[in-house]
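In: Give me coordinates for this.
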Amino acid sequence: MVSTRCKIAVKDELKKLGLHFIMVDLGVIEIMETITNEKRLLLKQGLQHSGLELMDDKKAILIEKIKNTIVQLIHHSEEVLKINFSNYLAEKLEHNYTYIANLFSEVQGTTIEQFIISHKVERIKELIIYGELNITEIAWKMNYSSVAHLSSQFKKVTGLSPSHFKKMKDKRRYPLENIGEHLIQSNEE
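Out: Modelled structure (predicted):
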């Protein structure tokens, strides 16, 4: 779960099954009752219908917690990212960072560092498109040592410099009211 909508979908499924939750948070549900196998199966099916997954495997749960923690920090936090991700993840998830990093690489086929970089670049794109911050301010907010470092990493991931991306932004995004029209035009071609 990475969004408020996901939390709402989970709460709705729990309510449908008459289950009372203590907490529904990113990747974690705590319910009051002991769940029967039948209700677990119904919950799993209901969540799948919403595009979500019920995880029973402890390693898969930890992987989701890693992803959710990173997404939450990069995309949903207004704080400046002046942290050491490895220390932050180890403390937040209460596991040794080497274990977390090895597990993540083994299961995901990429490193935590690459996952973080990909998300930082997506957040940088978003900040560029919003146009509220200049590249220097974005570099500071995203905890880059310099604009050159941000630009280098951005170009490595996207193939574009941040300034080139900024110039292209109008070509890459559609106004919300035109999205349906764009899909219809694409289907007709």
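In: Quick one: the helices in the protein, in order.
Out: For the chain, applying DSSP state H gives helices covering 4-16, 37-49, 58-75, 85-93, 97-108, 112-130, 135-141, 147-158, 162-172, 179-188.
In: beta partners for M23?
Out: For M23, the beta-bridge partners under DSSP bridges are E30.
In: circling back to that earlier point, now tabulate the helices of the chain in a markdown table and tack on distance to V28.
Out: Glycine gets a C-beta too; all of them are placed from N, C-alpha and C. Output for the helices of the chain, formatted as a markdown table (distance: least, CB to CB, whole Å):
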| stretch | distance to V28 |
| --- | --- |
| helix 4-16 | 10 |
| helix 37-49 | 14 |
| helix 58-75 | 8 |
| helix 85-93 | 11 |
| helix 97-108 | 16 |
| helix 112-130 | 20 |
| helix 135-141 | 28 |
| helix 147-158 | 30 |
| helix 162-172 | 35 |
| helix 179-188 | 33 |
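In: which stretch in these is the model least sure about?
Out: The minimum mean pLDDT among the helices of the chain belongs to helix 179-188 (a mean of 38).
In: Minimum distance to I22: which of the helices of the chain has it?
Out: helix 4-16 (10.7 Å; CB to CB).
In: Return the set of buried residues in the closest one.
Out: For helix 4-16, burial by neighbour count (16 or more other CB atoms under 10 Å) applies to C6, A9, V10, E13, L14.
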